[in-house]
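Student: Could you look at this predicted model? Sequence included:
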Amino acid sequence: MDVKQILEKDRVLAVQTLSELISMKSVQEDPAPAPDGGVYPFGQGVQDAFAYMLRKGQEFGFRVLDYDRFGGHIEFGEGSETVGIMAHLDVVPAGEGWSFDPFSGVVKDGFLYGRGATDDKGPLVAAFFAMKALKDSGFEPKRRVRLILGLDEEQEWRGMHHYLEHVGAPDLGFTPDADFPVLYGEKGILQFDLAKKLVDRKRRGLTLRKLSGGMARNVVPEKARALVNHPDRKVYDQIRNQAAAFQAETGHQLTVRPLGRSLEILAMGRSAHASTPDQGLNAISVLFDFLARLDFEDDGLQDFLTFYNDHIGYRTDGSAIGLAMSDQDSGPLTFNVGLCTYDGGSVQISCDVRYPVTKTADQVYERLRPYADASQLGIVRGKDEAPIFMEKDSPLVTSLMEVYREVTGDRDSQPLVIGGGTFARACPNIVAFGGHFQGEPDLMHQRDEKLSLDSFYKMMDIYAAAIRKISGEAS
């Protein structure tokens with residue numbers, strides 16, 4: 001059989017494999033003990049997904065490698081050069097409010113549902129079965145073809161860096177962890193905290209006891225919560241009335257209820273990926289908008305809330321905090337507040353900024369610092385990933401565009417630059433290639449994540465053609 005026939009024959013098996021993989025809750029956790037006395041660096045769930053894919057690779061006749069449980073690969077073919085398909089098995093936390101079990105992997109009405117369906121288990125499995133179809137058809141590449149399995153892409157990439165340091169980087173390839181048709185650039189990523197010390201500890205009036213919101217810096221938070229106290233319980237009735245008026249004015253959702261001697265204020269938003277914060281509604285911004293309308297005894301807290309609403313608020317472009325910048329290739333900077341916390345002595349927000357490919361991290365911090373200094377905020381620097389950029393007419397981008405157009409018939413779509421961060425940053429001559437199709441809902445990092453089976457099958461066809469093209473055929 002030829003490759004296309006094998007892909008069609010394997011569709012049921014591919015869906016079953018993806019469903020089983022999604023059922024494994026591969027959210028990164030603390031290291032877990034292994035039966036041999038070692039550890040699973042990223043927790044049991046991630047290890048289960050990793051072991052599952054390696055078993056599948058062996059079952060289908062591939063060579064597999066597990067390097068120190070930090071990462072590994074599935075490969076076939078010979079040659080001195082390697083084509084790498086760099087994908088990841090870890091997923092972001094599911095959160096709450098799903099209309100189905102996020103780790104069910106259920107198939108219904110032409111969709112496969114669950115956390116990781118689109119980011120990144122669906123594209124990973126599509127690439128895996130594309131490799132299987134090529135191998136089963138008798139195709140012999142002149143370059144080794146290697147599906148590289150990342151285990152902590154959603155956090156610090158320690159596993160991928162460890163793997164590349166010891167096993168080596170592929171010579172070229174792609175990561176199926178973004179958008180079609182193909183990406184030729186990715187914005188820079190900065191993550192940092194803004195914190196304010198609170199020294200006014202008066203207890204006579206309204207005080208903040210607890211504050212929490214969000215799951216990760218790179219997710220627009222869907223929920224944020226504050227716990228407030230006042231010695232006069234009549235004030236709680238006033239706050240409930242203010243919350244009702246706030247909801248009527250803004251249309252945003254607040255829930256206010258007594259909790260012991262305190263009052264809980266819960267704000268709801270709409271989740272989205274931090275690279276596209278305009279597609280969500282930040283629950284922290286909703287909460288801070290409301291809290292600023294209350295009369296807290298702590299002047300420092302009141303100042304911080306004012307700062308937030310004046311210079312961040314519901315804006316997602318950083319314009320009010322001095323960070324409005326853009327370029328022709330990548331468009332405007334994006335700004336997301338992913339987390340908020342309060343420890344009794346300071347209040348803190350954790351931010352995720354995606355800046356244009358022609359700008360630098362230093363430029364971002366230079367513009368941010370005057371605003372932070374004016375409000376007596378500390379800046380705690382975190383992740384700093386420089387932009388990546390490859391010319392549109394480079395051989396790799398051109399080859400993948402040709403494949404996409406041939407398989408889909410789409411002659412209009414053009415190469416893209418996005419704000420997301422993929423494994424393309426981990427080594428040279430790698431670009432992001434799929435698996436999200438333009439025009440389809442982007443449910444990465446959102447509740448009720450799902451993947452169209454038609455899109456899944458199309459991915460398999462595209463990846464098989466792409467692997468064939470860029471790996472070449474042995475003479």
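Tutor: In hand now; what should we look at?

Student: SS state for P231?
Tutor: Three states are possible here, and by DSSP: H, G, I helix; E, B strand; the rest coil the one that applies to P231 is coil.

Student: what's around it, how many residues?
Tutor: The local packing of P231 (other Cβ atoms under 10 Å) involves 11 other residues. All C-beta spots, glycine's among them, are computed from the backbone N, C-alpha and C.

Student: dump the residue contacts of it.
Tutor: Neighbouring residues of P231 by Cβ atoms under 8 Å, 6 or more residues apart in numbering: 204-205.

Student: low-scoring pLDDT stretches of the stretch 201-350 of the chain, where are they?
Tutor: Counting by pLDDT under 70, the low-confidence segments of the stretch 201-350 of the chain come to 201-203.

Student: Which strands or helices does the host helix or strand of D66 pack on?
Tutor: Secondary structure assigned from DSSP states H and E places D66 in strand 63-67. Helices and strands touching strand 63-67, as assessed by 3 or more Cβ pairs under 8 Å, 6 or more residues apart in numbering; DSSP states H and E, comprise helix 44-59, strand 71-76, helix 158-167.

Student: swap the cut-off to 10 Å and go again
Tutor: helix 44-59, strand 71-76, strand 144-150, helix 158-167 (3 or more Cβ pairs under 10 Å, 6 or more residues apart in numbering; DSSP states H and E).

Student: Pull it out as CSV, backbone CA atoms only.
Tutor: As requested, C-alpha coordinates have been extracted for strand 63-67 and formatted as CSV (Å, rounded to 0.1, in the frame of the first residue of the first chain):
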residue,chain,number,x,y,z
ARG,A,63,14.0,2.6,17.4
VAL,A,64,13.4,4.4,20.7
LEU,A,65,15.5,6.2,23.3
ASP,A,66,14.7,7.2,26.9
TYR,A,67,17.5,9.6,28.0
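
Student: List the contacts of it.
Tutor: With contacts defined as Cβ atoms under 10 Å, 6 or more residues apart in numbering, strand 63-67 is touched by 47, 50-51, 53-58, 71-77, 144, 146-149, 159, 162-167.

Student: Mark which of the residues you listed are buried, thanks.
Tutor: If you count burial by 16 or more other Cβ atoms under 10 Å, the buried members of the contacts of strand 63-67 come out as 47, 50, 53-54, 56-57, 71-77, 144, 146-149, 159, 162-164, 167.

Student: quick one on the thing from earlier: would you list the helices and strands packed on strand 63-67 in JSON lines and tack on mean pLDDT and distance to G378?
Tutor: Shown next, in JSON lines, are those (pLDDT from 0 to 100; distance: least, Cβ to Cβ, whole Å):
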{"stretch": "helix 44-59", "mean pLDDT": "98", "distance to G378": "33"}
{"stretch": "strand 71-76", "mean pLDDT": "98", "distance to G378": "35"}
{"stretch": "strand 144-150", "mean pLDDT": "98", "distance to G378": "33"}
{"stretch": "helix 158-167", "mean pLDDT": "97", "distance to G378": "26"}
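
Student: Tell me which of these sits nearest to G213.
Tutor: If you check each of the helices and strands packed on strand 63-67 against G213 by Cβ to Cβ, helix 44-59 wins as the nearest, at 24.5 Å.

Student: what's the spacing between that closest one and its chain's center?
Tutor: 22 Å (Cα atoms, centre = their mean, to the nearest Å).

Student: That helix to strand 63-67, inter-axis angle?
Tutor: Counting by axes from the mean of the first three to the mean of the last three Cα atoms, to 10 degrees, helix 44-59 lies at 150 degrees to strand 63-67.
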